[in-house]
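S.K.: model this:
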Amino acid sequence: MNSKEYIDLRLEQLKLKGAESTSSALGATLAWVLIIAVALLAISVLSFAGILFIGKALDNYALGALIVAGVLLVLLFILILCRKVLFRSSFIKLLSEKKTLAELQRAEELNAVRLDAAQSQGLSWIEASGLRLARIIVRSLSHK
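M.R.: The predicted model follows:
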(Lines give C-alpha, C1' and ligand atoms only; values in the text may rest on other atoms or scores of the structure.)
Protein backbone atom coordinates (compact mmCIF):
# COMPACT_ATOMS: atom_id res chain seq x y z
CA MET A 1 0.00 0.00 0.00
CA ASN A 2 1.55 3.30 -1.03
CA SER A 3 1.07 6.67 0.63
CA LYS A 4 -1.58 7.82 -1.90
CA GLU A 5 -3.74 4.81 -1.15
CA TYR A 6 -3.23 5.39 2.56
CA ILE A 7 -4.28 9.03 2.24
CA ASP A 8 -7.36 8.02 0.23
CA LEU A 9 -8.29 5.48 2.90
CA ARG A 10 -7.78 8.05 5.66
CA LEU A 11 -9.99 10.56 3.81
CA GLU A 12 -12.71 7.93 3.48
CA GLN A 13 -12.37 7.13 7.17
CA LEU A 14 -12.68 10.82 8.08
CA LYS A 15 -15.76 11.14 5.86
CA LEU A 16 -17.35 8.14 7.57
CA LYS A 17 -16.51 9.53 11.02
CA GLY A 18 -18.05 12.84 10.00
CA ALA A 19 -21.21 11.17 8.76
CA GLU A 20 -21.38 9.11 11.95
CA SER A 21 -20.99 12.12 14.23
CA THR A 22 -23.52 14.12 12.19
CA SER A 23 -26.11 11.35 12.32
CA SER A 24 -25.45 10.86 16.03
CA ALA A 25 -25.94 14.58 16.72
CA LEU A 26 -29.08 14.66 14.59
CA GLY A 27 -30.49 11.62 16.36
CA ALA A 28 -29.79 13.13 19.77
CA THR A 29 -31.39 16.41 18.73
CA LEU A 30 -34.51 14.68 17.43
CA ALA A 31 -34.73 12.62 20.61
CA TRP A 32 -34.58 15.77 22.76
CA VAL A 33 -37.19 17.51 20.59
CA LEU A 34 -39.50 14.52 21.03
CA ILE A 35 -38.88 14.38 24.79
CA ILE A 36 -39.57 18.11 25.15
CA ALA A 37 -42.74 17.86 23.03
CA VAL A 38 -44.10 14.98 25.12
CA ALA A 39 -43.15 16.79 28.35
CA LEU A 40 -44.96 19.95 27.22
CA LEU A 41 -48.02 17.91 26.28
CA ALA A 42 -47.97 16.19 29.68
CA ILE A 43 -47.61 19.53 31.49
CA SER A 44 -50.54 20.94 29.49
CA VAL A 45 -52.80 17.98 30.25
CA LEU A 46 -51.84 17.98 33.94
CA SER A 47 -52.41 21.73 34.13
CA PHE A 48 -55.84 21.40 32.58
CA ALA A 49 -56.69 18.55 34.97
CA GLY A 50 -55.48 20.71 37.86
CA ILE A 51 -57.66 23.59 36.71
CA LEU A 52 -60.71 21.31 36.55
CA PHE A 53 -59.99 19.70 39.93
CA ILE A 54 -59.30 22.95 41.79
CA GLY A 55 -62.10 24.76 39.98
CA LYS A 56 -64.62 22.08 40.94
CA ALA A 57 -63.40 22.08 44.55
CA LEU A 58 -63.72 25.86 44.80
CA ASP A 59 -66.77 26.15 42.52
CA ASN A 60 -64.80 28.67 40.47
CA TYR A 61 -62.88 27.48 37.41
CA ALA A 62 -61.29 30.89 36.86
CA LEU A 63 -59.77 30.77 40.33
CA GLY A 64 -58.55 27.23 39.61
CA ALA A 65 -56.88 28.50 36.42
CA LEU A 66 -55.21 31.35 38.33
CA ILE A 67 -53.90 28.96 41.00
CA VAL A 68 -52.46 26.58 38.40
CA ALA A 69 -50.93 29.52 36.49
CA GLY A 70 -49.39 30.77 39.73
CA VAL A 71 -47.84 27.38 40.45
CA LEU A 72 -46.42 27.24 36.91
CA LEU A 73 -45.01 30.76 37.28
CA VAL A 74 -43.33 29.79 40.56
CA LEU A 75 -41.80 26.74 38.84
CA LEU A 76 -40.63 28.95 35.98
CA PHE A 77 -39.06 31.40 38.44
CA ILE A 78 -37.23 28.54 40.19
CA LEU A 79 -35.94 27.26 36.83
CA ILE A 80 -34.72 30.74 35.93
CA LEU A 81 -32.88 31.03 39.24
CA CYS A 82 -31.29 27.58 38.83
CA ARG A 83 -30.56 27.82 35.09
CA LYS A 84 -26.82 28.22 35.61
CA VAL A 85 -26.56 25.00 37.58
CA LEU A 86 -29.06 23.07 35.47
CA PHE A 87 -28.11 24.10 31.95
CA ARG A 88 -24.86 26.02 31.61
CA SER A 89 -22.65 23.57 33.48
CA SER A 90 -24.14 20.71 31.46
CA PHE A 91 -23.48 22.50 28.16
CA ILE A 92 -19.95 23.47 29.22
CA LYS A 93 -19.23 19.85 30.07
CA LEU A 94 -20.70 18.73 26.75
CA LEU A 95 -18.67 21.30 24.78
CA SER A 96 -15.47 20.44 26.62
CA GLU A 97 -15.98 16.78 25.66
CA LYS A 98 -16.46 17.85 22.03
CA LYS A 99 -13.24 19.87 22.23
CA THR A 100 -11.39 16.84 23.49
CA LEU A 101 -12.78 14.80 20.60
CA ALA A 102 -11.63 17.48 18.14
CA GLU A 103 -8.17 17.47 19.70
CA LEU A 104 -7.99 13.69 19.39
CA GLN A 105 -9.02 13.85 15.74
CA ARG A 106 -6.33 16.48 15.12
CA ALA A 107 -3.75 14.26 16.83
CA GLU A 108 -4.84 11.37 14.62
CA GLU A 109 -4.36 13.53 11.53
CA LEU A 110 -0.87 14.49 12.72
CA ASN A 111 -0.07 10.81 13.25
CA ALA A 112 -1.10 10.12 9.66
CA VAL A 113 1.25 12.85 8.44
CA ARG A 114 4.05 11.43 10.60
CA LEU A 115 3.39 7.98 9.19
CA ASP A 116 3.72 9.34 5.66
CA ALA A 117 6.95 11.08 6.66
CA ALA A 118 8.30 7.85 8.16
CA GLN A 119 7.50 6.00 4.96
CA SER A 120 9.17 8.67 2.87
CA GLN A 121 12.32 8.27 5.01
CA GLY A 122 12.61 4.67 3.95
CA LEU A 123 10.79 2.89 6.75
CA SER A 124 8.68 0.00 5.58
CA TRP A 125 4.91 0.01 5.93
CA ILE A 126 5.14 -2.45 8.83
CA GLU A 127 7.77 -0.39 10.69
CA ALA A 128 5.81 2.84 10.21
CA SER A 129 2.56 1.13 11.25
CA GLY A 130 4.30 -0.26 14.32
CA LEU A 131 5.39 3.24 15.29
CA ARG A 132 1.85 4.46 14.82
CA LEU A 133 0.44 1.60 16.90
CA ALA A 134 2.92 2.38 19.67
CA ARG A 135 1.79 6.02 19.67
CA ILE A 136 -1.87 4.97 19.89
CA ILE A 137 -1.13 2.65 22.82
CA VAL A 138 0.82 5.34 24.65
CA ARG A 139 -1.98 7.85 24.03
CA SER A 140 -4.68 5.47 25.27
CA LEU A 141 -2.67 4.65 28.40
CA SER A 142 -2.07 8.33 29.13
CA HIS A 143 -5.84 9.06 29.01
CA LYS A 144 -6.64 6.51 31.73
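
S.K.: Which parts of stretch 51-64 count as buried, going by neighbours?
M.R.: Buried residues in stretch 51-64, counted by 16 or more other CB atoms under 10 Å: 51, 54, 55, 64. From N, CA and C alone the C-beta is placed, and that goes for glycine too.

S.K.: any idea how far residue 18 is from residue 12?
M.R.: According to CB to CB, to the nearest Å, residue 18 and residue 12 sit 11 Å apart.

S.K.: report the longest helix in the protein, please.
M.R.: helix 3-58 (DSSP state H).

S.K.: what residues go with each domain of this protein?
M.R.: Taking automatic domain parsing as the domain assignment, the ranges for the chain are 1-81, 89-144.

S.K.: For the ones you listed, which has the smallest mean pLDDT value?
M.R.: Here the lowest mean pLDDT among those goes to domain 89-144, at a mean of 61.

S.K.: For burial, what's the neighbour tally of residue 70?
M.R.: 10 (other CB atoms under 10 Å).

S.K.: can you check residue 30 too?
M.R.: The burial count for residue 30: 10, using other CB under 10 Å.

S.K.: All good on my end, thank you.
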